[in-house]
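Novice: how would this look folded up:
(one chain, ligands or ions: 3)
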Amino acid sequence: MSARWTTAVLDPQITGGLAVARSPEGFLVDANGALFPRDWLKRQELDVLCEHGIGHFDGQPVFLLELRGAGEVPGCHWQGLRRFMLEGDFDTYKVLGYAAQIGTWAREHRFCGSCGQAMTQIRWERAMYCQPCDLRSYPRISPSMIVLITRGDEVLLARSPRFVTGVYSTLAGFAEPGESAEDCLVREVREEVAVEVRNIQYVGSQCWPFPHSMMLGFHAEYAGGEIVMQADEIEDARWFNVHELPPLPAGRSIARYLIDLYVARRLGLPEPVLSA
Ligand SMILES: NC(=O)C1=CN([C@@H]2O[C@H](COP(=O)(O)OP(=O)(O)OC[C@H]3O[C@@H](n4cnc5c(N)ncnc54)[C@H](O)[C@@H]3O)[C@@H](O)[C@H]2O)C=CC1
Ligand SMILES: [Mg+2]
Ligand SMILES: [Zn+2]
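Specialist: Ligands and ions are numbered 1, 2, ... in the order given. Model prediction:
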């Protein structure tokens, strides 16, 4: 959470405040950014699927208009969340990251997963409700482990075929039912590079709204094994000396933080701060 932004469940019946509009093409933006006066935004001809009150920005209530499609609004364009993460100011990114997660959940929970009937929005908590089943569906959060494996002055970094050309990162993967965070980490490391780790140290966490991950970040020491790369998932994996690192992930990612933190500790430099 940032100092300017706090989440809250707000009743869409109240008037005024600010609003963001989200479509499958991203968020609506103009020269002033992605937060609009809500009354103005609601006068535009947007194809609104649902509306959720999501929190307060600088004390003002903020609402999300989740849209069926991206329409034309004069003087505005649509911009994806990733670009806000890479380039935008962090406070705005936090608002939009939260809005994106609520929007994804609202879009995907319009009908009851048990009986298939339409669900209704609860006003006092962030949940969709099916009355016949007495079932509540809350926003989905997917815990994911992310780990920097270290061996003295060396760190193990890998490339997925999805990465930007040249970039190497830490290993990551989603928790499965039945696993502890440590179980998941050990399994993912075995699956992706076939090495063993020891001395697993929790470092910190980060919300990663692409689309709903909760990243739990660790450092772990190499304990044995030769690198064997997982087909399809890992395009290349190797040890890099902390003095000769390849292009690394985006500055705000926890992947980057895990690397920068280890390098700083190894070289006796000031420790970086995690954007969270
Ligand atoms: N913030 C950061 O610094 C970083 C974040 N990440 C995020 O970590 C997450 C996991 O990383 P990956 O290596 O892609 O995961 P992964 O190694 O588990 O592989 C992805 C596969 O997991 C399965 N999957 C997809 N969604 C799932 C879910 N909700 N629960 C369980 N399994 C699921 C699918 O088969 C998918 O192909 C992703 O959301 C990724 O964006 C990854 C690296 C850096
Ligand atoms: Mg992975
Ligand atoms: Zn139901």
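Novice: what is the burial count for whichever residue of the stretch 1-150 of the chain sits closest to ligand 2?
Specialist: With distances taken as C-beta to the ion, the stretch 1-150 of the chain approaches ligand 2 most closely at residue 144, which sits 8.3 Å away. To be clear about C-beta, it is placed using only N, CA and C from the backbone, and glycine gets the same treatment. Residue 144 sits with 22 neighbouring residues when counted by other C-beta atoms under 10 Å.
Novice: do the same with the one 5 residues further on
Specialist: One way to gauge burial is a neighbour count; for residue 149, by other C-beta under 10 Å, it gives 27.
Novice: just give the nearest non-adjacent residue to it, would you?
Specialist: Taking C-beta to C-beta, 6 or more residues apart in numbering, and ignoring the residues beside it in sequence, residue 149 has residue 156 as its nearest neighbour in space, at 4.0 Å.
Novice: tell me which element the residue in the chain sticking out farthest from the centre is part of?
Specialist: Most distant residue from the mean C-alpha position of the chain: residue 132, 33.2 Å away (C-alpha atoms, centre = their mean). Per DSSP states H and E: residue 132 is located in neither a helix nor a strand.
Novice: would you mind measuring from it to ligand 1?
Specialist: Using C-beta to the nearest ligand atom, to the nearest Å, one gets 28 Å for the distance from residue 132 to ligand 1.
Novice: for residue 145, same thing?
Specialist: Residue 145 sits 8 Å away from ligand 1, taking C-beta to the nearest ligand atom as the criterion.
Novice: Three-state assignment for that residue, please.
Specialist: Per DSSP: H, G, I helix; E, B strand; the rest coil, the local secondary structure of residue 145 is strand.
Novice: residues contacting it?
Specialist: Applying C-beta atoms under 8 Å, 6 or more residues apart in numbering, we find residue 145 in contact with 172, 173, 175, 181, 184, 185, 188, 215, 216, 218.
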